[in-house]
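Chemist: The following block contains a protein sequence and its predicted model.
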Amino acid sequence: MVFQNDSKKTIRLGVISDTHVPDRVGELHPDVLRIFVENHVDQIVHAGDASSMQVIRSLESVAPVIHVSGNRDFLMRKENQLVLYLTINGVKFGVTHGHGGFLPYFLDKFPYMLEGYKFERYQKKLDKIVGDVNVVIFGHTHTSENRWVNGRLFFNSGSAYDRGKDRRGPSVGLITVDPQGQVKSSIISLEFMKWGNGKWEKQTKSPFKRFKS
């Protein structure tokens, strides 16, 4: 599926992934909607493992949402696709969770157990999945990425509910595209909280950082 949005204004995307509601937590992290509202996002992209339409409906209270299928989206197969494409002010986006479907996900378990997360390995997978685009939005790894490689942005907002494999903490992302097609992107850390006793509970705050391109 392809979405097109060419306008004479700057478009702001809110990016989120790996919310895991309700399979790991009961509801969205309390910071998520507030951050997207305060940043006046025009569109929200969920890069998979929402785990239920409850998450999508909550995000839609802020802005229109597009979402792709993750490996934990068992209840959302009819609504989701593995890859979606966006064109915003001339910039081509490819959105995917990054697991590539059941078989590639299963096969990737072995190199992951041997060497852990390696961006270069995922980059090769993503290139095959999304093809020729300017910006790749993905999830799955629970590791935030905001890096340019050979003129292409690889952007993973990280997990929106846990500390992540990189221990930077829960996070979401923002991407802006101005009318001239200039792209700016940032990762925004959420407050360190833990789901317990049916609610989000504050923990000792850790010095998580904000990472910008």
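Modeler: Arrived safely, thanks for sending.
Chemist: got the end-to-end distance for stretch 136-145?
Modeler: 11 Å (CA to CA, to the nearest Å).
Chemist: Give me the contact list for that stretch.
Modeler: Stretch 136-145 is touched from outside by 15, 17-18, 45, 47-49, 70-71, 93-99, 117, 119, 122, 126, 130, 152-159, 162, 164-166, 168, 171, 173, 175, 187, 211, with contacts defined as CB atoms under 8 Å, 6 or more residues apart in numbering. C-beta coordinates here come from the backbone N, C-alpha and C atoms, glycine included.
Chemist: Can I get the buried part of those residues as one ChimeraX selection?
Modeler: Burial among the contacts of stretch 136-145 is assessed by 16 or more other CB atoms under 10 Å; the matching ChimeraX selection reads:
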select :15,17,18,45,47,48,49,70,71,93,94,95,96,97,98,99,122,126,130,152,153,154,155,156,157,158,159,162,164,168,171,173,175,187,211
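Chemist: doesn't Asp127 fall inside a helix?
Modeler: Yes: according to DSSP: H, G, I helix; E, B strand; the rest coil, Asp127 belongs to a helix.
Chemist: how near is it to Pro30?
Modeler: 36 Å (CB to CB, to the nearest Å).
Chemist: Looking at those two, which is more packed in?
Modeler: A side-by-side neighbour count of Asp127 and Pro30, using other CB atoms under 10 Å, places Asp127 first with 16 against 13.
Chemist: residues touching Val15, list them.
Modeler: Here Val15 is in contact with 44-45, 47, 137, 155, 157, 172-175 (criterion: CB under 8 Å, 6+ apart).
Chemist: Secondary structure element holding it?
Modeler: With elements delineated by DSSP states H and E, Val15 resides in strand 11-16, which encompasses its position.
Chemist: ok, then the element right after that strand?
Modeler: The element immediately downstream of strand 11-16 (helix or strand, assigned by DSSP H and E) is helix 31-38.
Chemist: Just the ones in helices from the contacts of stretch 136-145, please.
Modeler: Using DSSP state H, 119, 122, 126, 130 are the members of the contacts of stretch 136-145 that sit in helices.
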